[in-house]
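A.B. asks: Next one to model:
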Amino acid sequence: MTRTIRVIVNGEMYERTVEVRTTLVDFLREDCDLTGTHVGCEHGVCGACTVLHDGQPVRACLLLAVQMDGERLATVEGLADGDTLHPIQQAFWDHHGLQCGFCTPGMLLTAKAFLEEHPNPTDDEIREAISGNLCRCTGYHFIVEAIRAVARALPSR
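C.D. replies: Here you go, the predicted model:
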């Protein structure tokens, strides 16, 4: 069984006919060619498939594409402004907050949503915020440093 859906991703409208059982992560990767959203555990545990739905982090492997009909999403491809990295991306680069890069898209989007709600976090709050995103390479120290650096650079609210 199929259904035609319309989803706005990174400000662009995507209208596609999908099988009703298609996960959001597969829709983004296969139907929208947005491969920055990674498929990891497919159980919502690792955070590699994290995208933003109305500014809030969600696991794209746990949602069906048809559930997002008419909704707005943001993926890692929507962070940069052309060739200019988003401040979170730049901080990850500057502070060595990535190694293999597999967890990075989910970490970036989780950090973005977190900092919008908590512009002046402690290191413990940062660790708690990213605790649902697993990284097998960095040990998290540099990721926390990167997020802290972005928070310090944000204009006062």
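A.B. asks: Give me the distance between residue 24 and residue 145.
C.D. replies: In this structure, residue 24 and residue 145 are 31 Å apart, going by Cβ to Cβ, to the nearest Å. For the C-beta atoms, the positions are set from N, CA and C on the backbone; glycine is no exception.
A.B. asks: Neighbour count: those two, which is higher?
C.D. replies: residue 24 (26 against 18; other Cβ atoms under 10 Å).
A.B. asks: which residues touch that one?
C.D. replies: 49, 51, 60-61, 63-65, 67-68, 73 (Cβ atoms under 8 Å, 6 or more residues apart in numbering).
A.B. asks: so what's the spatially most central residue of the chain up against?
C.D. replies: Nearest to the mean C-alpha position of the chain, by Cα atoms, centre = their mean, lies residue 109 at 3.3 Å. If you count contacts by Cβ under 8 Å, 6+ apart, residue 109 has them with 50-52, 57, 74-76, 79.
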